[in-house]
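Enquirer: Provided below for reference: sequence and predicted model.
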Amino acid sequence: MESEQDKVSISGSPRKLIKRAKTWEISDSETEEESPSAEKDEAKAAPVPRRHQTSLHQGPDAYQSSKAEPSAEVLTSMLPVPPPGSTTPSPNKRTRRRKNPEELEADRIRAEERRKEKEAKKQENERRRNQEKEEMKKRKESAMALKLLRPDQCGKYMTVQLDAGLLQDAGCEDLLESLRLSGYNHSIQPHLVPYSVTWKREMPGDWTCVEGLELCEGEEDVMLILVEPKDFLTSVHCHVQAPVPSSNIETPGSVFGFSKKYPDKKITLVILGLRDFRRCQRLSRKMERHSLEAKARRDPEDGWVTWRQIDEALVFLQLYYNTEVLNLDTWKQLGHHVCAVTKSVAQRPFRLHWEAQSHSFCTSVGSWRGWGPRGSLTGLPLVWRRQIQQLNRVSPAMAAAITEAYPSPQLLMQAYAACNTEKERLSLLSDLRVPRNTGATEEGDDPDDYVGSKQGDDQAGGRARRIGPDLSRRIYMLMTAPNPELVMDLNS
């Protein structure tokens, strides 16, 4: 009966089957522990899809087989659906708050300021780089320009201008030959001042003036004027006859007035053959003494002047007119003098520029580059030792002991200032020990000092000795005495 009822129920509607399945009794094979879980799983299970409900009409066997081996789609559809996830954001993820217009405007202003600062910094760096390039270019041009004025190059740009009147004398060939041998350029052209020599500087077209260098291109301010001995003696005689010699009184035809006519020139008067002319004049005066006819015709004021009057006129020219007078005997001497003046005028801008620099002096003969760090006894230390050695009875060993204790004059002056009394200053160097001579030169010592060093140290008998109070007193007086005529050596 039960089986028939089951068949009827199975063949019935699916809804009745589902309802009846819920009223099934638990079989003996299932334990009591499994029943609550089974009911719970059935309650959570989703309703059977419609496509699987047709299998229930095929009988209990088919139902049992489908229940035993469900498909993957059935199992997937029967899984519980998890609840929807919460919308709470993760704590690690920050949400960006929208800025108000005021904050956006402030950010825009700050970005604009940063952009302007970056642009200004870029322009400043560009300006500094351009400035460095300009300075480097200027230094390079100054170095190249200064190279043109070096002593071995400056003579190429000087031109000696000779007046055409000098060619009237046959001795002018010696002057031209001296200029050719020296390698100086010269030109012959008429001048406003007859028998004059001037100098002109002509720099190349790409010349650039060196900073701090006063260079005047064109004609220099030096003029040399050749004066005949007779004209010079006549001017001296007029100067002697003047009641009150003064620079304001001008004598017609006098050679003393060139400095007033050309105030921007430094004038030098050159007199050729003054001694020979004076000798001939003296012989003519002796011959006139024996001629009565000549005595009658001789003018008491014949222009004769003495050497004493000539010397007074030379001093007057030097003091009032700033004019020098040079007495030469031959044209060859004049040529040598013109070459020397040309060299001096050519090197004058370079010398002035070099003297304006720091440490422009140089104690080495034949070198103009100054001293470098080539040893302990070169340059100023060597000068300091030799300055002390110039005193009487001072050997190189004694000078070396003083310079080793006080390597510079400034340190010695500081030591004098630290003394409290005059007695301490006078005896400051007296206890310095002078080492005996070892017979070998030290590295960097002055080689010229060892001849005198052996002689001075032989007197000591090979024993160490002191500087002594006498030399200490003399050095103190040398460093501090204001009187240049003071006698420091009492034994002299």
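Expert: That came through fine.
Enquirer: and residue 190, what does it touch?
Expert: By Cβ atoms under 8 Å, 6 or more residues apart in numbering, the contact set of residue 190 is 163, 164, 165. Every residue, glycine included, has its C-beta placed from N, CA and C.
Enquirer: quick check: bridge partners of residue 269?
Expert: When bridges are called by DSSP bridges, residue 269 pairs up with residue 225, residue 325.
Enquirer: any idea how far it is from residue 226?
Expert: 8 Å (Cβ to Cβ, to the nearest Å).
Enquirer: any idea which helix is longest in this protein?
Expert: The longest helix of the chain (DSSP state H) is helix 101-148.
Enquirer: beyond that one, next helix or strand please.
Expert: Later in the chain than helix 101-148, the nearest helix or strand by DSSP states H and E is strand 158-162.
Enquirer: so which residues of the chain form strands?
Expert: Taking DSSP state E as the test, the strands found in the chain are 158-162, 185-188, 196-201, 218-227, 266-272, 324-328, 433-434, 465-466.
Enquirer: helices and strands around the fourth one, which ones?
Expert: This means strand 218-227. Where contact means 3 or more Cβ pairs under 8 Å, 6 or more residues apart in numbering; DSSP states H and E, strand 218-227 is packed against strand 196-201, strand 266-272, helix 331-356.
Enquirer: want to throw the strands of the chain into CSV with distance to residue 411?
Expert: Below are these laid out as CSV (distance: least, Cβ to Cβ, whole Å):
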stretch, distance to residue 411
strand 158-162, 46
strand 185-188, 52
strand 196-201, 46
strand 218-227, 45
strand 266-272, 44
strand 324-328, 44
strand 433-434, 18
strand 465-466, 20
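Enquirer: ok, which of those strands comes nearest residue 315?
Expert: strand 324-328 (10.2 Å; Cβ to Cβ).
Enquirer: what helices and strands are in contact with that closest one?
Expert: strand 266-272, helix 331-356.
Enquirer: and of the contacts of residue 190, the nearest to residue 479?
Expert: residue 163 (54.8 Å).
Enquirer: can you say which of the helices and strands packed on strand 324-328 is packed in most?
Expert: Stretch with highest mean neighbour count among the helices and strands packed on strand 324-328: strand 266-272 (a mean of 20; mean count of other Cβ atoms under 10 Å).
Enquirer: now tell me what touches it from outside.
Expert: The contact list for strand 266-272 (Cβ under 8 Å, 6+ apart) reads 171, 221-229, 232, 255, 258-259, 317, 322-331, 334, 337.
Enquirer: just the buried ones among these, please.
Expert: Among the contacts of strand 266-272, those classed as buried by 16 or more other Cβ atoms under 10 Å are 222-227, 229, 232, 255, 258-259, 317, 323, 325, 327-328, 331, 334, 337.
Enquirer: what's the burial count for residue 124?
Expert: Using other Cβ atoms under 10 Å, residue 124 has 10 neighbouring residues.
Enquirer: pLDDT at it, what is it?
Expert: pLDDT recorded at residue 124 is 93.
Enquirer: check residue 463 too.
Expert: Per-residue pLDDT puts residue 463 at 62.
Enquirer: follow-up on the earlier one: out of the helices and strands packed on strand 218-227, flag the one nearest residue 307.
Expert: It is, among the helices and strands packed on strand 218-227 and with distance given as Cβ to Cβ, strand 266-272, at 13.5 Å.
Enquirer: got any ranges where this protein has weak pLDDT?
Expert: Within the chain, the stretches with pLDDT under 70 are 1-95, 211-212, 214, 243-253, 292-303, 358-378, 437-464, 491-492.
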